[in-house]
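Visitor: I'd like to go over a predicted model; first the sequence, then the structure.
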Amino acid sequence: MAGNRVEEITDLIKIQNVIISVSDKKKLEYLVNGLFEINSELKIFSTGGTFKKISSFLNQSRRENLISISGYTGQPEMQGGLVKTLDFKLYLGLLSEPGNIAHRKDLERVGGVTFDMVVVNLYPFEKTVAERGDNAEDARNNIDIGGPSMLRASAKNFLRVVPLCDPSDYKVILEELKSNKGKISFKTRFLMARKAFNHTAEYDRVISSYFRDIDFSMIQKVYRITG
């Protein structure tokens, strides 16, 4: 693939547009309210259950800055939540590179924004197979597609985006934002990107191991097979 070589970036990036889509909602209220305390004009883009959860604890003025991803993209979520975030407009905002005029024009053409932070954790595949590992359909249903894609996209673009995949990092990120007047450093973006890549790699390893080790007879018995 012919890519672009980026040679100059900004160290401190202001966090203005944030995507939040989490399976584990632990510390979510702490993070969201902390972000708004640092930047009252922040905008949060969210999906499904995460959107509802955030709506439940935000006051009215802050709720105006909460945007559904389906509203942003103009595409409704697929039944069952199978497609929520796999959208061209969304990924323009994740992958557009610093100083790239063509990328900026693409964003302007679709009315998009650049995202500075992505908060994602993944469907609990490992927990599901530990509890119901003999049911391949339960396992299949808990394979996250959109979450790893957003994490990988934001981690790839650590030049200006910070990915967050672990609630235990929320505190240190908020502390840095407070000390830097709402901005996050290049070093932190890189460290969080490294963690995100490790997280998605381990997630894929667990899924791969499950399907490697399960016998086809266990898959077969779950379904009524016709034809």
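Guide: Received, thanks.

Visitor: okay, now the unreliable bits of this structure?
Guide: Per-residue confidence for the chain (pLDDT under 70) gives these ranges: 1-2, 133.

Visitor: go ahead and flag the most central residue of it.
Guide: The C-alpha lying nearest the average C-alpha coordinate of the chain belongs to V120 (CA atoms, centre = their mean; 3.6 Å).

Visitor: can you verify it is assigned to a strand?
Guide: Yes - using DSSP: H, G, I helix; E, B strand; the rest coil, the secondary structure at V120 is a strand.

Visitor: pretty sure it sits against I145.
Guide: No - distance between V120 and I145: 11.8 Å, which falls outside the contact criterion (CB atoms under 8 Å). In this view, the C-beta of every residue, glycine as well, is placed from N, C-alpha and C.

Visitor: give me the secondary structure label for P163.
Guide: Under the three-state scheme (three-state DSSP), P163 adopts strand.

Visitor: please apply the same query to K26.
Guide: Taking three-state DSSP, the label given to K26 is coil.

Visitor: so which bits of the longest helix along the chain are buried?
Guide: Longest helix in the chain, counting residues (DSSP state H): helix 186-213. Residues of helix 186-213 classed as buried under the neighbour-count rule (16 or more other CB atoms under 10 Å) are 186, 188-189, 192-193, 195-197, 199-200, 203, 207, 210.

Visitor: outside of the helix or strand following that helix, which residues touch it?
Guide: Stepping forward along the backbone from helix 186-213, the first helix or strand reached (DSSP states H and E) is helix 216-220. By CB atoms under 8 Å, 6 or more residues apart in numbering, the residues outside helix 216-220 that reach it are D134, A136.

Visitor: just the CA coordinates for helix 216-220, please, in PDB.
Guide: Backbone C-alpha positions of helix 216-220 (Å, rounded to 0.1, in the frame of the first residue of the first chain) are rendered in PDB as follows:
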ATOM      1  CA  PHE A 216     -16.400 -29.200  14.600                       C
ATOM      2  CA  SER A 217     -19.000 -31.600  16.200                       C
ATOM      3  CA  MET A 218     -19.400 -29.000  18.900                       C
ATOM      4  CA  ILE A 219     -20.100 -26.400  16.300                       C
ATOM      5  CA  GLN A 220     -22.500 -28.600  14.400                       C
END
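
Visitor: how distant is that helix from the center of its chain?
Guide: A distance of 33 Å separates the centroid of the chain from that of helix 216-220, by CA atoms, centre = their mean, to the nearest Å.

Visitor: what's the answer for stretch 87-95, then?
Guide: Here the centre of stretch 87-95 is set off from its chain's centre by 12 Å, with CA atoms, centre = their mean.

Visitor: who touches it?
Guide: Contacting residues not belonging to stretch 87-95 are listed as 17, 19, 69, 72-75, 103, 106-107, 110-115, 118, 150, 153-154, 156-157, 161 [CB under 8 Å, 6+ apart].
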